[in-house]
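> predicted coordinates and the sequence they were generated for:
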There are 2 protein chains.
Amino acid sequence: MQKVSFTKLKNKVLCEDIIAVLKSLPDNSMDMIYGDPDYNVGINYSGMKYKMAWDEYIDWYTELTKECMRVMKKDGNGFMINYPKQNSYLRVKYLDDNAYAVHDYSWIYNSNVGHSPKRFTTAHRSILHFTKSKDNNFYKDQVVAPYKNPEDRRIKQRIADGHKGRMPYSWFYFDLVKNVSKDKTFHSCQIPLPLFELLLKSSTKEKNNVFILFGGSGSEIMSALRLNRDILSCELNKKYHRMILDRIDSNDEQLDKYRLVNTKEEELIIKQPALAGI
Amino acid sequence: MQKVSFTKLKNKVLCEDIIAVLKSLPDNSMDMIYGDPDYNVGINYSGMKYKMAWDEYIDWYTELTKECMRVMKKDGNGFMINYPKQNSYLRVKYLDDNAYAVHDYSWIYNSNVGHSPKRFTTAHRSILHFTKSKDNNFYKDQVVAPYKNPEDRRIKQRIADGHKGRMPYSWFYFDLVKNVSKDKTFHSCQIPLPLFELLLKSSTKEKNNVFILFGGSGSEIMSALRLNRDILSCELNKKYHRMILDRIDSNDEQLDKYRLVNTKEEELIIKQPALAGI
DNA sequence: GGCCTTGTTGAATCTCCAA
DNA sequence: ATTGGAGATTCAACAAGGC
């Protein structure tokens, strides 16, 4: 197959099938791959309902991740967000046997829905982090959480040695994004931007190649562009695809009409530790 | 096989192989089964190192859980604590196909160990909750978290209707138990007692039958006895087994020598919400 | 501005009925 | 007896509006 280099696709958002696009890309070309796929729970995306049989879904999810692994650089990082069950199958059926390392993180939040009398209320998702070698790039300094005891003698020494804080934990608290827009401007299932930015900053520097698998309403794309990463993304839904192109073409003022959260550089670093201090 | 009824084993702690004991028990006899097994990461339990090949470990873990399912009442609840990877295999290879329902919870904590420059710091574990029917007993009132807006008129109405709060979320923050005892009296990997008590209270009432698979240092056993549950437990390590029997025979004063956290009835309910208020 | 109240929402769950 | 899908119901969290 004739492969298309990332350079040609730099900062493009395609309205094409994600797996077809992945297959058209050469090996080892992406610094980071970020996927927040449909979870196969029958959600209504602007009129279209998607739900496959479980096995079929897992096959699709595995095939997707397999292509991500191929396309990812040896020192790159991949992230897949899903419900814990779905991610369990992905790691057992594919990732553990094929990635160099697999780590499971937990995004936790508060929820007002899904309360059942027979179990605790679902309020977290899994994030699988996978790498292709022991040399994956990881930039702690871009995501540090403050030390809890900066006055401790040993911590003072670490600070003197240039350390800016500790590595964040494998769990992250971020509020759910509420779909408050009256005109349904937004994708109904958005990941909190600070969560995306945490992952993005942990794994990339400016000018790095980031594949945001599912464009959605484009918030992650806008965020990555604002942070000067080079992106590629897919969004099959024409309405959302159009919206993303609009957002990219817009100036900052217009972005407001999409209620884009203008995340400040420091927000992530400020927010997370407050929590860690529990 | 001649089965031994729970009545005969009431409040016994056996120094025998857990799977052999499970096999000796009749079907459908336990209200709750709680397992915090060895995670197969080469932990040193008083001089003996436990580590098997991965497949062998998963086979053992599956066999263990299979017997738990058999022994558990139709309206009972089972909980298995482990690292996310181990629990992924358990659910994919056994539980999803054999339990009525499987839920994944996340115990999160702060950690000063295991920091790696190539990933976020591991600071959570998975808890698989499995049931045998839609009628599993679950006692929300015994584990509620306070409402966030108790002044809301509608919430006030719910409180007037007898609701004491909301169902806790699928994630729980509890500090790690620090192994502070100089003489290594304690099992090195203890689950925080309030976490155990949350699970215990969610699933049982007084006089219910609780199988605490691995006795460890006996903290969970003491807690369950204090809360008037009937227990059965195994601990293969003779030193720990002896210690558990000592603790059970001890009066309250002597318990102090084991640095037992004397968890007050309300602690759980007070502690968790502070968190939920993030 | 805070404080109280009301409106809205849901990657949810429950119920029912058909196959 | 189980499964699966459509439609009804739930209920706490958050936003926004009013005072």
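On my side now, so go ahead.
> gap between the nearest residue to A:I43 once chain neighbours are set aside and B:A53?
Nearest non-adjacent residue to A:I43, counting by C-beta to C-beta, 6 or more residues apart in numbering or on different chains: A:C189, 6.4 Å away. The way it works is simple: take the backbone N, C-alpha and C, and place the C-beta from them, glycine included. The spacing between A:C189 and B:A53, counted by C-beta to C-beta, to the nearest Å, is 40 Å.
> hmm, A:F174 and A:P194 touching each other?
Yes. Between A:P194 and A:F174 there is a contact under C-beta atoms under 8 Å: 5.6 Å.
> elements contacting the longest helix seen in chain A?
Of all the segments of type helix in chain A, defined by DSSP state H, the longest one is helix A:54-71. Contacts defined by 3 or more C-beta pairs under 8 Å, 6 or more residues apart in numbering or on different chains; DSSP states H and E place helix A:54-71 against helix A:18-23, strand A:30-35, strand A:72-82, helix A:84-90, strand A:209-214.
> format the CA atom coordinates belonging to the last one as PDB.
In this case it means strand A:209-214. Provided in PDB are the C-alpha atoms of strand A:209-214 (Å, rounded to 0.1, in the frame of the first residue of the first chain):
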ATOM      1  CA  ASN A 209       3.000  14.700  15.800                       C
ATOM      2  CA  VAL A 210      -0.200  13.900  17.600                       C
ATOM      3  CA  PHE A 211      -3.000  11.800  16.200                       C
ATOM      4  CA  ILE A 212      -6.300  12.600  17.900                       C
ATOM      5  CA  LEU A 213      -8.200   9.600  16.600                       C
ATOM      6  CA  PHE A 214     -11.700  10.900  17.000                       C
END
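> hey, what's the angle from that strand to strand A:30-35? Just curious.
With axes from the mean of the first three to the mean of the last three C-alpha atoms, to 10 degrees as the basis, strand A:209-214 and strand A:30-35 are set at 10 degrees to each other.
> for strand A:209-214, what is the average pLDDT?
Model confidence over strand A:209-214 averages 98 on the pLDDT scale.
> quick one: whichever helix or strand comes after it near DNA strand C?
For strand A:209-214, the succeeding helix or strand toward the C-terminus, using DSSP states H and E, is helix A:219-226. No. Where contact is defined by C-beta under 7 Å from any atom of the strand, no part of helix A:219-226 touches DNA strand C; the two come within 10.9 Å at best.
> need the contact partners of helix A:219-226.
Applying C-beta atoms under 8 Å, 6 or more residues apart in numbering or on different chains, the external contacts of helix A:219-226 come out as A:11, A:13, A:34, A:36, A:187, A:190-191, A:193, A:196-197, A:200, A:210, A:212, A:215, A:231, A:233, A:244, A:247-248, A:255, A:260-261, A:263.
> identify those among these that sit within strands.
Residues of those located in strands (DSSP state E): A:13, A:34, A:210, A:212, A:231, A:233.
> just confirm the fifth one contacts A:F211, I think it does.
So that's A:I231. Yes. With contact defined as C-beta under 8 Å, A:I231 counts as touching A:F211 (7.5 Å).
> got any ranges where the stretch 1-150 of chain A has weak pLDDT?
Within the stretch 1-150 of chain A, the set of residues satisfying pLDDT under 70 comprises A:44-49.
> pull the contacting residues for A:H241.
Contacts for A:H241 (C-beta under 8 Å, 6+ apart) come out as A:13, A:15, A:215, A:235.
> near DNA strand D, which of these show up?
By C-beta under 7 Å from any atom of the strand, no member of the contacts of A:H241 lies near DNA strand D.
> pick out the most distant pair among those residues.
Of all pairs drawn from these, the one with the longest distance (C-beta to C-beta) is A:C15 and A:G215, at 8.9 Å.
> between those two, what contacts are shared?
The contact sets of A:C15 and A:G215 overlap at A:234-235, A:241 (C-beta under 8 Å, 6+ apart).
> what does chain A put close to DNA strand C?
Of all the residues in chain A, those lying near DNA strand C are A:36-39, A:41, A:43, A:81, A:83, A:111-118, A:121-122, A:176, A:178-180, A:182, A:188-189, A:191, going by C-beta under 7 Å from any atom of the strand.
> mind redoing it with 6 Å?
A:36, A:38-39, A:41, A:43, A:112-114, A:116-118, A:122, A:179, A:188-189 (C-beta under 6 Å from any atom of the strand).
> from those residues, which land in helices?
Among these, no member lies in helices (by DSSP H).
> and the stretch 101-250 of chain A, which of its residues are near DNA strand D?
A:110, A:112-113, A:115, A:175, A:178, A:180.
> pull out the buried members of these.
Among those, those buried by neighbour count (16 or more other C-beta atoms under 10 Å in any protein chain shown) are A:N110.
> if we can go back for a sec, and the longest helix of chain A, how far out from the chain's middle?
16 Å (C-alpha atoms, centre = their mean, to the nearest Å).
> quick check, that helix touching DNA strand D?
No. Contact of helix A:54-71 with DNA strand D (C-beta under 6 Å from any atom of the strand) is absent, the minimum separation being 7.3 Å.
> filter the contacts of A:H241 down to the buried ones.
With neighbours counted by 16+ other C-beta under 10 Å, the contacts of A:H241 contain buried members at A:13, A:215, A:235.
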